[in-house]
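Asks: below are the sequence and a predicted model; questions follow.
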Amino acid sequence: MLTDTLGIDAPILLGPFGGLSSVALTAAVSDAGGLGGFGLYGYGADRIREAVAQPRAATRHPFALNLWVPTGDEVTPAEIDLAPFLNALEPLFADAGVTVPEPPAAFLPPFEEQLEAVWDAAPAVLSVVFGVPAAAVVEEAHRRGIRVVGTATTVAEAVALEAGGVDAVVASGAEAGGHRISFLAPAERSLVGTFALVPQVADAVGIPVIAAGGIADRRGVAAALALGASGVQVGSAFLRTRQSAATDAHRAALRSARDGDTVLTRAMSGRLARGIPNRALREIETSGMIAPFPAQNWMTGVFRAAATRGGDGELLSLWAGQSAGIGSRDDALEVFAELAAGLPA
């Protein structure tokens with residue numbers, strides 16, 4: 001059973017959220033009996049060690065740390081001329097009250113250094129997106145008593161993850177908010193809905209399957225289990241709660257979102273992701289000047305950080321899934337209780 005594999009009471013997982021991770025939300029989900037998740041995108045080793053100390057102090061229960069597996073197509077500052085892309089973003093920098101930034105020495109910390117910090121942190125679970133972790137990584141995790149959860153957007157990806165030795169796989173349907181974490185084919189050609197993806201993955205692998213995408217209440221949980229999933233991973237419904245790290249503007253956008261109010265875009269990061277359109281997204285798409293990942297993510301991150309401090313929702317990445325409008329609760333424990341009501345008695 002998934003609960004036995006992950007050492008939790010209820011098969012409800014918190015989406016890791018990357019830059020929107022919150023200690024309070026991670027701890028709340030873990031304390032309720034699920035598996036809290038904390039995303040480490042962009043975190044260097046020292047920052048990981050500092051960050052992990054907080055959820056560990058906040059909960060005695062298991063939680064997951066999430067890493068992005070390098071795909072090999074990430075550009076470096078030496079490989080790209082940022083000037084034309086920075087010029088295109090200049091109005092957004094100006095409105096955020098920041099100057100056009102100088103290119104950094106690196107866009108991302110080395111994956112190997114992140115892993116070393118994760119080993120030191122010793123979480124109950126290491127979850128990964130954008131690929132299959134190397135055999136040595138899985139072996140080291142298991143040697144340390146850490147379970148590994150991979151993420152798939154197609155049946156082929158789920159099969160590859162099982163062959164790579166992961167303990168469970170998240171089947172992430174196209175309805176899910178945030179980045180489309182496809183890795184065997186372009187994300188645009190891997191947009192399988194949750195209702196179609198979960199049963200096919202469950203038929204194809206022998207490890208527990210965790211359904212993600214479009215699940216925001218007890219009905220989604222019951223449907224996922226009926227389709228063959230052993231548990232669920234939920235993002236948007238938790239993101240709108242007071243315990244999350246979302247801004248008030250982002251929460252308001254989630255509360256008002258309806259089924260057709262999200263789009264898939266590369267504008268904010270250079271990789272395909274689902275979110276609610278705002279001024280920044282529209283202007284970047286109109287300009288046609290979108291740098292490859294992670295250059296685009298670093299550039300927009302400069303004005304997004306300022307907008308977060310200033311509360312300007314028009315300059316943020318308003319990540320959201322198609323089920324955002326289903327959520328109706330602003331407290332994480334109430335969301336968890338609603339989801340848990342869909343589990344078998």
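Replies: Thanks, I have the structure now.

Asks: isn't Pro292 right next to Pro77, touching?
Replies: No. Counting by C-beta atoms under 8 Å, Pro292 does not reach Pro77; the two are 12.0 Å apart. The C-beta positions use only the backbone N, C-alpha and C, and glycine is treated the same way.

Asks: what about the residue lying closest to Ala160 once chain neighbours are set aside, neighbour count?
Replies: Spatial nearest neighbour of Ala160, chain neighbours left out: Val132 (5.3 Å); criterion: C-beta to C-beta, 6 or more residues apart in numbering. Val132: 21 surrounding residues under other C-beta atoms under 10 Å.

Asks: what helix or strand is Val132 on?
Replies: Using DSSP states H and E, Val132 sits within no helix or strand.

Asks: that one contacts Gly164, doesn't it?
Replies: Yes. Val132 lies in contact with Gly164 (C-beta under 8 Å); the separation is 4.0 Å.

Asks: now the common contact residues for these two.
Replies: Listed as contacting both Val132 and Gly164 by C-beta atoms under 8 Å, 6 or more residues apart in numbering are Gly150.

Asks: buried sites along stretch 259-275?
Replies: Across stretch 259-275, burial judged by 16 or more other C-beta atoms under 10 Å covers 261-262, 265-275.

Asks: likewise stretch 231-242?
Replies: Buried positions in stretch 231-242, judged by neighbour count with 16+ other C-beta under 10 Å: 231-241.

Asks: can you redo those as TSV with pLDDT and distance to Asp73?
Replies: Below are the buried residues of stretch 231-242 laid out as TSV (pLDDT from 0 to 100; distance: C-beta to C-beta, whole Å):
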residue	pLDDT	distance to Asp73
Gly231	98	31
Val232	98	31
Gln233	98	26
Val234	98	29
Gly235	96	25
Ser236	96	28
Ala237	97	32
Phe238	97	30
Leu239	96	28
Arg240	95	33
Thr241	97	35
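
Asks: closest to Leu316 among these?
Replies: Checking those against Leu316 with C-beta to C-beta, the nearest one is Leu239 at 12.4 Å.

Asks: gap between the closest one and Asn66?
Replies: Distance check for Leu239 against Asn66: by C-beta to C-beta, to the nearest Å, it reads 15 Å.
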